[in-house]
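**Q** Quick one, fold the following:
(chains A and B)
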Amino acid sequence: MNFPLIGLHAWLGEFAALMFAWAFVELLSSTDANIRRARLATLLGVVFIGSAWLAGGFYYVEVYGTAVKPLIKEGPMPWVHSIVMETKEHVFIFLPFLGLLAYGLLQRTGDAMPENPVARTAAKYALGSLALMTGGMALLGFLVSSGFRAALEQLVT
Amino acid sequence: MKKFSVSSMAYGCHAVFWWVAILTVAAEMAPAVKNLLAGLTGHHWVTKSLTAIILFSIVALVFSSREDPKDATGMVKGVIFSALAAAGLIFVFYTLHFRGIV
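**A** Here you go, the predicted structure:
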């Protein structure tokens, strides 16, 4: 019964992407309320992506290597593990740290943002790239699931 | 988080991205490295994750009092470029590895 764990990993990752996108949109305006909400959304994004790291990591170490990886490698899409999953599992590690940088930017320079649009630009770059990269992880996860499904279909046909 | 300068966290990000990328390639090219990583925690990926946290913490602490830049946009763009380049290195390496070229 491993599906809840990988479902939790996907849910947390997708909500992290949503939180980073929300924070980015808040920074398109510059009132104190926008900055306050951007801080909250970024903090939630960091918590979600950190939790996705734990949930996905536990699944990867305890389940994936023995129950999923061998089937994918024997299936019709072995590149899904050898290229996609190998890339995903390592690039994912970047995201919590990029999230901490974005949150740190908002904490250190957020008070100046309503009067200083330049201060917002750096945070917008960090949050925009985070939203895209975190969303990209969901796409890679879809490819891994597709490779697993294709392997299972091959077994029953 | 207010204790840590923006620069310290940016340096921490650079260090983590390249640490993970280089360690990943090294572990695939040299089985002894992968075995060493696996031996430390039971799984090479767990060791990479834990050492990334430790490395980020050390770099952020060492540079924590460094002054923030007036405009951090260039610094953040540098971090994004670093992330994309390190991710690209990992992706290209595994693609070549899968094709049996490296």
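
**Q** And the strands in the chain?
**A** Here I'm looking at chain A. Using DSSP state E, no strands are found in chain A.

**Q** For it, which residues are neighbours of chain B?
**A** Residues of chain A found near chain B (C-beta under 8 Å from any C-beta of the partner chain) are A:53, A:57, A:60-61, A:79, A:82-83, A:86-87, A:89-91, A:93-94, A:97-98, A:100-101, A:103-105, A:107-109, A:118-119, A:121-123, A:125-126, A:129, A:133. C-beta: built from backbone N, CA, C; applies to glycine.

**Q** Kindly supply the ChimeraX command isolating those of the residues you listed that are buried.
**A** ChimeraX command restricting the residues of chain A next to chain B to the buried ones, with burial defined by 16 or more other C-beta atoms under 10 Å in any protein chain shown:
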select /A:53,57,60,61,79,82,83,86,87,89,90,91,93,94,97,98,100,101,103,104,105,107,108,109,119,121,122,123,125,126,129,133
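
**Q** Among the residues of chain A next to chain B, which lie within helices?
**A** A:53, A:57, A:79, A:86-87, A:89-91, A:94, A:97-98, A:100-101, A:103-105, A:107-109, A:118-119, A:121-123, A:125-126, A:129, A:133 (DSSP state H).

**Q** Pull out the buried positions in the longest helix along chain B.
**A** Ranked by residue count, the top helix of chain B under DSSP H comes out as helix B:73-98. For helix B:73-98, the neighbour count (16+ other C-beta under 10 Å) marks B:73, B:75-76, B:79-80, B:82-83, B:86-87, B:89-91, B:93-95, B:97 as buried.

**Q** Near chain A, list only the ones from the residues you listed.
**A** B:73, B:75-76, B:79-80, B:83, B:86-87, B:90-91, B:94-95, B:97.

**Q** Closest one to B:Cys13 out of those residues, please.
**A** Comparing those against B:Cys13 with C-beta to C-beta places B:Val79 closest, at 4.8 Å.

**Q** I figured A:Ala134 was touching A:Phe20, is that so?
**A** Just so we're on the same page, residue A:134 is Thr rather than Ala. Yes: A:Thr134 lies in contact with A:Phe20 (C-beta atoms under 8 Å); the separation is 6.1 Å.

**Q** how far is stretch B:45-55 from where the chain is centred?
**A** 9 Å (C-alpha atoms, centre = their mean, to the nearest Å).

**Q** no wait, stretch B:66-74
**A** That offset, for stretch B:66-74, works out to 21 Å (C-alpha atoms, centre = their mean).

**Q** cool, and stretch B:41-61?
**A** Worked out by C-alpha atoms, centre = their mean, stretch B:41-61 lies 9 Å from the chain centre.

**Q** so, in contact with chain A or not, that stretch?
**A** Yes: shown here: stretch B:41-61 in contact with chain A (C-beta under 8 Å from any C-beta) through B:42-43, B:45-46, B:48-49, B:52, B:56.

**Q** of these, buried ones?
**A** Using 16+ other C-beta under 10 Å as the burial test, the residues of stretch B:41-61 next to chain A include B:43, B:45-46, B:48-49, B:52, B:56 as buried.

**Q** which two from these end up farthest apart in space?
**A** B:His43 and B:Phe56 (19.8 Å).

**Q** Phi first, then psi, for A:Ile93.
**A** Dihedral angles phi and psi of A:Ile93 (degrees, to the nearest 10) take the values phi -60, psi -30.

**Q** who touches it in this structure?
**A** With contact set as C-beta atoms under 8 Å, 6 or more residues apart in numbering or on different chains, A:Ile93 has these partners: A:53, B:16, B:20, B:48-49, B:52.

**Q** Mind doing that once more with 10 Å?
**A** A:53, A:57, B:16-17, B:19-21, B:24, B:45, B:48-49, B:51-53 (C-beta atoms under 10 Å, 6 or more residues apart in numbering or on different chains).

**Q** Overlap of the contact sets of A:Thr134 and A:Phe20?
**A** A:45, A:48-49, A:95, A:98-99.
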